[in-house]
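Enquirer: below: sequence and its predicted model.
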Amino acid sequence: MVMPEERIYQIPVWLRPDEKGEIDEARLNRIREELQRLGAKIISETKAAKLRLSYPIKKVREGIFLVFEIMLNPQNSSKVISAFRHNNEILRIGIFAVQKPEKLIQDRQETVQKKPEAKIEELEKKLEEILHGKSSRI
């Protein structure tokens, strides 16, 4: 359950591959531990994958990509980026607030409810005009 003062965030991370070009589990564990130290609760994470970058970052062409989904107090969100900014193992990191699924569903329901309804009589009259050739065409 999300506490009122916490929000859900997604943190995409590009890591520098190790010397063999492989995914190093120890490095991933250090990132997890640092997130937890900053007060984040890790909800989920994607499987780390080695991918070719669209353009070089810090002169590197390939990186390890994964996304963490965390719960965090908004006051600590800037601390996440600051904590990893000078880490040479990380090529790029971001943090994005995620709208709660309940809020998305509620917004969608409100949108659907706001659609104007056509009156049955008007629809029947228009249908009669079309079927009997009395439609006014330009």
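Expert: Sure, I can see it.
Enquirer: now for the closest residue to residue 47 other than its chain neighbours: which residues touch it?
Expert: Spatially, and ignoring its direct neighbours in sequence, residue 47 is nearest to residue 66 (7.1 Å; Cβ to Cβ, 6 or more residues apart in numbering). From N, CA and C alone the C-beta is placed, and that goes for glycine too. Applying Cβ atoms under 8 Å, 6 or more residues apart in numbering to residue 66 gives the contacts 12-13, 15, 28, 45-49.
Enquirer: ok, residue 66 to residue 129 distance?
Expert: Residue 66 is 61 Å from residue 129, where distance means Cβ to Cβ, to the nearest Å.
Enquirer: before we move on, the earlier item: buried stuff in the helix or strand containing the residue nearest to residue 47?
Expert: Residue 66 belongs to strand 60-72 when assigned by DSSP states H and E. Residues of strand 60-72 classed as buried by neighbour count (16 or more other Cβ atoms under 10 Å): 63-66, 68-72.
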